[in-house]
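Visitor: Here is my input; please provide its structure:
(2 chains)
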Amino acid sequence: MTTVVASFVRDVVDPQVQIDAIGLGAVYALMAVGIGLVFGVLRLVNFAYGQLIMAGAFALALASEWDWPVWAGIVLCFAVVLALSVALEWLVFRPLRLQSPAVMLVATFAVAFLLQSIALLWFGPLGKPAASLVTLNRPVTIGSLDVRKVTIVAIVVAAICLVALVLLLERTSIGLHMRAASMDFTTARLLGVRANRVIASAVLISGVLAAIVAVMLTIQFPLVTPGFALQDTIIVLAGVVVGGMNRLFSATLGGFAIGYVSGLLGGALPTDQSQYLPSLLFGLVILVLLVRPAGVFARGGGPVERV
Amino acid sequence: MSGDPLLEVEGLVVRYGAVPAVRNLSFAVGEGEIVGLIGPNGAGKTTTLLAIMGGLPVASGDLRLAGKSIRGRAPEEIARQGVALVPEGRRIYGDLTVEENLRLGLAARPGRSGAADDLEAVVELFPIVGEFRRRHAGALSGGQQQQLAIARGLAARPRLLLLDEPSLGLAPKIVDVVFDALAEIRRRGVTVLLVEQRAQRTIEFADRTYLMANGELRLVLDPDDAGDTDRLVAAYLS
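Guide: Residues are numbered from 1 along each chain as shown, chains lettered A, B, ... in the order given. Now for the predicted structure:
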């Protein structure tokens, strides 16, 4: 028992495991922002977020099959994810905006299963490989560490996206309007803040982040199946709740934290026991929520309103 | 009424479910006037303001701004047509800074031209707002928050300012500050519809005051009627 624990601890502090865990945390943080932004203005948990990423990943796989250059595949991925985000906003979010959170949540479940079923019909259960991006998954050696290029890219891109988002939210009018709308939408509208513009902006930014995540996940897991990013989305949703859903900052930290912990556990668990990873992770989630139901990074410890 | 009507409320009916909160209410506010709206709790004053602002559905009747119907428009559209509401309870964004709250007031303006000058003019009227620019609005006292709420409404450079109980819960000294500011706002030519609980002070201050009870218009009062407490009490208790 002692040796198992000692080996576990040794693996957890191993720099190789650490850097991979930070890389996964960075990708999950971006997903958390994408989910948190839309939740902020619509009080809607977009369960279909993973399927947006899946659609982007299939766009990359198709571009690879058609021998398109990598940049063209990435452009196609962005186009598909943004088009789907806008369609989702027009056809589902906007008409249902004033309905109860339960109605909206169930609607996003429906959208998620619809998109997944379409993928299943078009591409089959085995999916498609996105081979052209595979070079980015090769490692570079830094000292004694083998760091995959995508890990570096993920960390840098996530950092740039988060800084850009903070600047947008803090320094621009639309950012201020989005923050106000997520705190008190009724008053924001009375002040002249355009509801549709704020919601469209949040959905669009969330879509851009989904496309970025699609690219990064596809590099790491080049076989794109209809269930692509589904488990990641569930984990990130748990992370967002654990972090504290009511504030974008705490939701993002929650996303990063669950990605990081998931990466650590994944790196430290022996390969033949990796099936225990989700159980361990969600066991931790339940434990944390029992202690701090409003979220680890939320201010105060009181129950969360309106969730 | 001295000027052309800027706001006309005609046969307004607003219901919460089956319960009527405002019944067949008609009145007008002329350009440049200050009009008071008083009455006991539950008279329908706040409901009337929210209906004008598009925040509640109108069951029947019409609302016109400078002759054009605004009934059924979204709140943000009405705000952009030049109506600003300083809501009951202030509805300040406590997690945002004082300056950010003020900048939110600019949301209703069609463009940004002249915004900086208007913000300066607002700060001149409420120096406290300028002094605490960088502070979180949640850290301000109730009176300071009320001043910020009015300043935020004025930042929109509205044609019509709707004020919902601006003196509620304030110390008498701060109430004086608020009414002084309203006098200055009148001098600047902004049309005001003022909902208040302080009946006598409102009657004295406004060009004309409507008294509502039970969702209906009961009395129209001039500043000279401020001393007529018997009539007021009778109307309140009716």
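
Visitor: Check chain B for the residue nearest chain A and tell me.
Guide: Closest to chain A within chain B is residue B:108: 2.8 Å, counting by C-beta to the nearest C-beta. All C-beta atoms are positioned from the backbone trio N, CA, C, and that covers glycine.

Visitor: Give me the local confidence score for that residue.
Guide: With respect to pLDDT, residue B:108 has a value of 91.

Visitor: can you pull the contacts of the nearest residue to it once chain neighbours are set aside?
Guide: Using C-beta to C-beta, 6 or more residues apart in numbering or on different chains and skipping residues adjacent in sequence, the residue nearest residue B:108 is residue A:192, 2.8 Å away. Applying C-beta atoms under 8 Å, 6 or more residues apart in numbering or on different chains, we find residue A:192 in contact with B:76, B:79-80, B:107-109, B:156.

Visitor: ok, 6 Å please
Guide: The neighbourhood of residue A:192, defined by C-beta atoms under 6 Å, 6 or more residues apart in numbering or on different chains, consists of B:76, B:79-80, B:107-108.

Visitor: same thing with residue A:205?
Guide: So residue A:205 contacts residue A:37 (C-beta under 6 Å, 6+ apart).

Visitor: Poorly predicted segments of chain B, please.
Guide: By pLDDT under 70, the low-scoring segments of chain B are B:1-3, B:238.

Visitor: what residues does it put near chain A?
Guide: With C-beta under 6 Å from any C-beta of the partner chain as the criterion, chain B comes near chain A at residues B:53, B:75-76, B:79-80, B:85, B:91, B:93, B:100, B:103-104, B:107-108.

Visitor: make it 8 Å
Guide: B:53, B:55, B:74-76, B:79-80, B:84-85, B:87, B:91, B:93, B:95-96, B:100, B:103-109, B:152, B:156 (C-beta under 8 Å from any C-beta of the partner chain).

Visitor: quick one on the thing from earlier: where does the residue nearest to residue B:108 land in three-state SS?
Guide: Going by DSSP: H, G, I helix; E, B strand; the rest coil, the secondary structure assigned to residue A:192 is coil.

Visitor: roughly how far apart are it and residue B:89?
Guide: Residue A:192 sits 19 Å away from residue B:89, going by C-beta to C-beta, to the nearest Å.

Visitor: what's the neighbour count on the residue of chain B closest to chain A?
Guide: Residue B:108 has 26 neighbouring residues, counting by other C-beta atoms under 10 Å in any protein chain shown.

Visitor: now the helix or strand harbouring residue A:32: how far from the chain's centre is it?
Guide: Assessed by DSSP states H and E, residue A:32 sits inside helix A:15-42. Put simply, helix A:15-42 sits 6 Å off its chain's centre (C-alpha atoms, centre = their mean, to the nearest Å).

Visitor: Kindly calculate the angle that the helix or strand following that helix makes with helix A:15-42.
Guide: As assigned by DSSP H and E, the chain's next helix or strand after helix A:15-42 is helix A:49-65. On the basis of axes from the mean of the first three to the mean of the last three C-alpha atoms, to 10 degrees, helix A:49-65 is oriented at 120 degrees to helix A:15-42.

Visitor: circling back: pLDDT averaged over the helix holding residue A:32, what's the number?
Guide: 92.

Visitor: Mind listing what's buried along it?
Guide: A:17-42 (16 or more other C-beta atoms under 10 Å in any protein chain shown).

Visitor: just stretch B:24-37 next, same as before
Guide: Buried residues in stretch B:24-37 (16+ other C-beta under 10 Å): B:25, B:27-37.

Visitor: how about the CA coordinates for that stretch, as PDB?
Guide: Only the C-alpha atoms of stretch B:24-37 are listed here, as PDB (Å, rounded to 0.1, in the frame of the first residue of the first chain):
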ATOM      1  CA  ASN B  24     -57.800  52.900 -17.200                       C
ATOM      2  CA  LEU B  25     -55.200  55.400 -16.300                       C
ATOM      3  CA  SER B  26     -54.800  58.500 -18.400                       C
ATOM      4  CA  PHE B  27     -52.500  61.500 -17.900                       C
ATOM      5  CA  ALA B  28     -49.900  63.500 -19.800                       C
ATOM      6  CA  VAL B  29     -46.500  65.000 -19.100                       C
ATOM      7  CA  GLY B  30     -45.600  68.200 -21.100                       C
ATOM      8  CA  GLU B  31     -42.200  69.000 -22.500                       C
ATOM      9  CA  GLY B  32     -40.000  70.500 -19.700                       C
ATOM     10  CA  GLU B  33     -42.500  69.700 -17.000                       C
ATOM     11  CA  ILE B  34     -42.000  68.000 -13.700                       C
ATOM     12  CA  VAL B  35     -45.000  65.900 -12.900                       C
ATOM     13  CA  GLY B  36     -45.500  64.000  -9.600                       C
ATOM     14  CA  LEU B  37     -47.200  60.700  -9.200                       C
END
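
Visitor: Distance from the chain centre to it, please.
Guide: Counting by C-alpha atoms, centre = their mean, stretch B:24-37 is centred 11 Å from the centre of its parent chain.

Visitor: again with stretch A:158-166
Guide: Chain-centre distance of stretch A:158-166: 14 Å, with C-alpha atoms, centre = their mean.

Visitor: does chain B sit close to it?
Guide: No: residues of stretch A:158-166 are not located near chain B by C-beta under 8 Å from any C-beta, the shortest gap being 14.5 Å.

Visitor: cool, and stretch A:289-297?
Guide: No: Stretch A:289-297 lies apart from chain B when judged by C-beta under 8 Å from any C-beta; the minimum separation is 15.1 Å.
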